[in-house]
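>>> Dropping a prediction and its sequence here:
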Amino acid sequence: MTSVSPSVEVERKAPFWKRLGRVPWTWRITIAYLTVMLFVPIAAMFLKAATEPPSRFWAIATSDIALATYNVTFVTAIFAALLNGVFGTLIAWVLVRYDFPFKRLIDATVDLPFALPTSVAGLTLATVYSDNGWLGSLLAPLGIKVSFTRTGVAVAMIFISLPFIVRTVQPVLQEMEHEIEEAAWCLGASQWQTFWKVILPPLFPTILTGVALGFSRAVGEYGSTVIISSNTPFQDLIAPVLIFQRLEQYDYSGATVIGIVLLSISLVLLLAINFLQGWARRYDSR
């Protein structure tokens with residue numbers, strides 16, 4: 001049997017408020033901040049949604065228009081996050097491994113979606129990709145319409161979530177040792193084999209982290225998507241806009257129900273991504 005020291009035994013028998021008084025101030029501040037900024041708002045949202053009867057809650061959450069907005073929001077956000085996972089990693093690779101003119105300017109430009117107001121970003125994208133815009137005029141003869149369609153929603157989500165992948169992957173690439181790649185080349189591995197077998201495995205959990213951050217940002221985006229899309233139900237209407245429309249109709253409990261569903265689906269998907277991250281780390285450590 002393992003013996004317990006007297007000090008630990010005394011600590012266990014001490015009243016709760018005395019043990020709470022020994023908690024470091026950093027812990028107290030952290031718990032208080034999370035409670036005010038995260039736990040209380042989420043609890044209030046659940047309590048507001050609970051005012052609806054279960055049948056009414058289910059009817060709102062599974063209505064045809066709500067299901068259509070879930071499809072547009074989550075499928076498009078996943079597509080944008082995965083696409084940025086590929087090209088964001090490529091951009092981070094170029095910024096880390098190569099020196100070229102105006103490198104610092106391009107590196108700083110990657111953070112532009114962070115600083116740019118989302119409404120301004122939506123207005124800019126809608127103008128550039130309109131039928132008369134710089135890029136839209138080139139796509140229009142091909143029968144491709146971007147602005148005021150679901151494709152425009154995808155473009156807006158890609159634009160605002162790209163920096164998350166680049167800035168997540170970039171520091172890890174900077175810390176990776178070039179000697180490992182050179183050793184693989186000396187052993188006869190091609191550049192593709194070196195990337196697939198040596199570079200990607202330790203980088204994969206970081207890419208997943210960036211994808212998760214980009215996905216979360218894309219799901220919650222409102223300002224840019226509401227401008228570049230036509231907000232037509234069953235076409236390009238996203239869930240955040242549906243929530244706002246219900247608020248305009250003073251249907252606060254209905255808007256909260258849609259928000260609860262949005263939160264729950266996002267949480268499930270993020271937990272799945274975290275599971276993949278943990279699996280990738282365990283696989284890499286073998």
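Everything's here; your move. Numbers count the residues shown, from 1 in each chain.

>>> mean confidence for stretch 248-267?
Stretch 248-267 shows a mean pLDDT of 89.

>>> Give me the residue ranges of this structure where confidence is low.
1-21, 280-286 (pLDDT under 70).

>>> Give me the longest helix you can find in it.
helix 252-285 (DSSP state H).

>>> Name the residues of that one that come out as buried.
By 16 or more other CB atoms under 10 Å, the buried positions in helix 252-285 come out as 254-262, 266, 269, 273, 277, 280. (Each C-beta comes from the backbone N, C-alpha and C, glycine too.)

>>> Present those as a markdown table; the columns should include distance to residue 207.
A markdown table is the format used below for those (distance: CB to CB, whole Å):
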| residue | distance to residue 207 |
| --- | --- |
| 254 | 38 |
| 255 | 34 |
| 256 | 34 |
| 257 | 34 |
| 258 | 31 |
| 259 | 29 |
| 260 | 30 |
| 261 | 28 |
| 262 | 25 |
| 266 | 19 |
| 269 | 16 |
| 273 | 11 |
| 277 | 10 |
| 280 | 9 |
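
>>> quick one: residue 64 from residue 71, how far?
Using CB to CB, to the nearest Å, we find residue 64 at a distance of 11 Å from residue 71.

>>> Kindly apply the preceding question to residue 244 instead.
Counting by CB to CB - residue 244 and residue 71 are separated by 18 Å.

>>> now do residue 27
Applying CB to CB to residue 27 and residue 71 gives a distance of 42 Å.

>>> Have a look at the two and say which one is more surrounded.
residue 71 (14 against 10; other CB atoms under 10 Å).

>>> Next up, the contacts around that one.
Residues near residue 71 by CB atoms under 8 Å, 6 or more residues apart in numbering: none.

>>> Does residue 82 touch residue 212 like I think?
No. Using CB atoms under 8 Å, residue 82 is not in contact with residue 212; the gap is 11.2 Å.

>>> out of the two, which sits in the busier spot?
residue 212 (23 against 12).

>>> Relative to residue 156, how far out is the nearest residue to residue 152 once chain neighbours are set aside?
Closest residue to residue 152 apart from its sequence neighbours, by CB to CB, 6 or more residues apart in numbering: residue 228 at 4.1 Å. Remark: distance between residue 228 and residue 156 (CB to CB) = 5 Å.

>>> so what's in contact with these two at the same time?
Listed as contacting both residue 228 and residue 156 by CB under 8 Å, 6+ apart are 122, 125.

>>> since we're on residue 193, how many residues are nearby?
13.

>>> How is it assigned, secondary-structure-wise?
Classification of residue 193 by DSSP: H, G, I helix; E, B strand; the rest coil places it in helix.
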